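Asker: Next one to model:
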Amino acid sequence: MGHLLEMRDIKKSFSSIKVLKGINFSVKAGEIVALLGENGAGKSTLMKILAGVHEPTDGKIFLNDKEVSIDGPKHSQELGISIIHQEFNLIPDLTVAENIFLGREQQGVRGIISWKAMHTETNELLKKVGLKNVSPTQLIADCSVAQRQLIEIAKALSFESDVLIMDEPTATLNNEDTQTLLNLMKALSDEGLGIIFITHRLEEVVKVADRIVVLRDGEYIGSELVANVTKDDMVTMMVGRDITDLFPERTTPQEEVVLEVADLSVRNRLYDVSFKVKKGEILGVAGLLGSGKTDLSKALFGLHKRQSGSISMLGQDVETPKEAIDAGIALVTDDRKSEGVILDLSVYENLLMPFYRRISKTGILNKTKMDQIVDKWINDLKIKVHEPHVEVRTLSGGNQQKVVLGKWLQMNPKLLILNEPTRGIDIGAKTEIYKIMKDLTNEGIAIILISSEMPELLGMANRIAVMHEGRISGELPIEEATQEKIFYYATGGDTHGKTS
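Answerer: As a prediction, this is how the structure comes out:
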């Protein structure tokens, strides 16, 4: 069978920096190819060449065995290539139909938009992706994250594409919605669509992909049928070494309680939440999408005003972000691009941001001191950046996450709240962040680890509290925790679970 798409010896340089060094890539009709590699391996650049955002410095692209030159994103779509980005490209204040046909509105007589035709076709597209309960006239703002992901796919299908590129499509989805999306990908491939699947979740690769293609440091490492390789084989291809111990050995918590939360309620978000965290302990927080995990992190940091209850950090009452920081609480948000870093500022400026008020009581900035702080965290966290004054947006996801970590660690926190700290980052960067967490607990720093990845919680936490509809529905010591028990509590199996 011939290839729908073939890229031969693709090279790309930005000024003197070689980003892609001769990449070979192909996908057949009805095939799902997982494109794997660490952050910074060149996956995004390769896909941006396909999407018409970048021109290759060298190499050839073939569609249905015919050589093509892709002249911009619109031309890419006309050639039958659609890309679904990790960040949604939907306008919240427009309807589903308006988003799907934005710039391509169907017209009737005298050039007037034919809303009936657009709504009919939108309905067909929504049914195809399994969204039978979403209306074409519904605002995107009123759609869930999972629904928005499927609407993005419906929009891509409206172009009648032959090749569909999906960049981390499950990164923000819970387990149930992820399985729905994987089933849809299988169904679309059965209809002859060629799918390029970019993901860091290797268990999803095993479930849905036919073949893997691996890049490392801008180089083509190889291609293998999924049936012929293990997850460990994939990791070795990606990072160039065996990762035998993904999760480090746990630190034994000390007896001293650093955080005590009693009967915490936030209007319409949290209800009677109580728990304690000890010095050097990692408390895992599990729960399905909408369970209240993120609301809990924001309430602990003073971003959500509490209705009742108390938050005590080493004996200090915490009600505002300033009080939280002063008490030694740091929050690494789950949305690093919107809330964790300022993309248009440099690594240097981002790292120093929360520390400015502590640098000098006179208000005079000490350049030598600032340089020392930035150098320390770039070195300690192994942030891959050729110089600290480059914009954060140019860094890979894993390195952006390290900037967020460094920004808060220089404040010498006593409690670190990590909300989805490894979302969208590769296996190598994950192991580095897990090691950092281990080192912090060795120093006595307590960590609240909020994660939707079960293996991460089971591998790192000392205890796991499970949330359901704004309440803690159960708590498990790590010796008793299993994925089945966590899921039982996450679906409301026991809404009267107590914490200690």
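Asker: ok, which stretches of the stretch 401-500 of the chain are strands?
Answerer: Ranges of strands in the stretch 401-500 of the chain, per DSSP state E, counting those that start in this stretch, are 415-419, 446-450, 463-468, 471-477.
Asker: Within the sheet, what are the partner strands of the third one, with directions?
Answerer: Translated: strand 463-468. Using DSSP bridges, strand 463-468 pairs in its sheet with strand 282-287 (parallel), strand 471-477 (antiparallel).
Asker: Show residues contacting that strand.
Answerer: 275, 281, 283-288, 291-293, 296, 457-458, 472-478, 481, 486, 489-492, 495, 497, 499 (Cβ atoms under 8 Å, 6 or more residues apart in numbering). (Glycine included, C-beta is placed from N, CA and C.)
Asker: buried subset of these?
Answerer: Neighbour-count burial (16 or more other Cβ atoms under 10 Å) is assigned, among these, to 275, 281, 283-288, 291-293, 296, 457-458, 472-476, 478, 481, 486, 489-490, 497.
Asker: Next one: Val226 relative to Gly444, how far apart?
Answerer: Note on Val226: its distance to Gly444, by Cβ to Cβ, to the nearest Å, is 43 Å.
Asker: Looking at these two, which one has more neighbours?
Answerer: Counted by other Cβ atoms under 10 Å, Val226 and Gly444 do not tie: Val226 has more neighbours, with 19 against 16.
Asker: Please list all residues in contact with that one.
Answerer: Contacts here follow Cβ under 8 Å, 6+ apart; on that basis Val226 touches 34, 205-206, 209-212.
Asker: In helices, which of these appear?
Answerer: Among the contacts of Val226, the ones falling in helices (DSSP state H) are 205-206.
Asker: Closest to Lys11 out of the contacts of Val226?
Answerer: Lys11 has its nearest neighbour among these in Ile212, at 21.7 Å by Cβ to Cβ.
Asker: neighbours around that closest one, how many?
Answerer: Using other Cβ under 10 Å, the number of residues around Ile212 comes to 25.
Asker: Identify the residue nearest it in space, chain neighbours excluded?
Answerer: In this structure, Ile212 finds its nearest non-sequential neighbour in Ala34, 4.8 Å apart by Cβ to Cβ, 6 or more residues apart in numbering.
Asker: low-scoring stretches of the stretch 51-200 of the chain, by residue?
Answerer: Low-confidence segments of the stretch 51-200 of the chain (pLDDT under 70): 86-87, 108-110.
Asker: And the helices in it?
Answerer: In the stretch 51-200 of the chain, the segments counted as helices under DSSP state H, counting those that start in this stretch are 73-78, 96-100, 115-128, 145-157, 175-190.
Asker: mind listing what Gly328 touches?
Answerer: By Cβ under 8 Å, 6+ apart, the contact set of Gly328 is 258, 313-314, 412-415.
Asker: remind me which residues of the stretch 351-500 of the chain are low pLDDT?
Answerer: Using pLDDT under 70, the stretch 351-500 of the chain drops low at 357-363, 494-500.
Asker: 50 instead?
Answerer: Within the stretch 351-500 of the chain, the ranges that satisfy pLDDT under 50 run 495-500.
Asker: ok, back up a step: most widely separated two among the contacts of Val226?
Answerer: Maximum pairwise distance in those, criterion Cβ to Cβ, is 12.1 Å, between Val206 and Arg211.
Asker: Between these two, which is the more surrounded one?
Answerer: Remark: of Val206 and Arg211, Arg211 carries more neighbours, 19 against 16, as counted by other Cβ under 10 Å.
Asker: hey, what's that one bridged with?
Answerer: Val33, Leu225.
Asker: from what I can see it touches Gly222, true?
Answerer: No. The criterion here is Cβ atoms under 8 Å, and Arg211 misses it with Gly222 at 10.8 Å.
Asker: quick revisit: tabulate the strands paired with strand 463-468 (a markdown table), appending distance to Glu176.
Answerer: Below are the strands paired with strand 463-468 laid out as a markdown table (distance: least, Cβ to Cβ, whole Å):
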| stretch | distance to Glu176 |
| --- | --- |
| strand 282-287 | 13 |
| strand 471-477 | 17 |
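Asker: and of those strands, who's closest to Met7?
Answerer: Nearest of the strands paired with strand 463-468 (Cβ to Cβ): strand 282-287, 40.3 Å.
Asker: which other residues reach that closest one?
Answerer: 250-251, 275, 277, 293, 296, 437, 441, 446-452, 454, 457, 460-468, 486, 489-490.
Asker: among those, which ones are buried?
Answerer: Buried by 16+ other Cβ under 10 Å: 250-251, 275, 277, 293, 296, 437, 441, 446-452, 454, 457, 460-468, 486, 489-490, out of the contacts of strand 282-287.
Asker: which strands and helices sit next to the host helix or strand of Val374?
Answerer: Assessed by DSSP states H and E, Val374 sits inside helix 367-380. Packing partners of helix 367-380 (3 or more Cβ pairs under 8 Å, 6 or more residues apart in numbering; DSSP states H and E): helix 347-352, helix 397-409.
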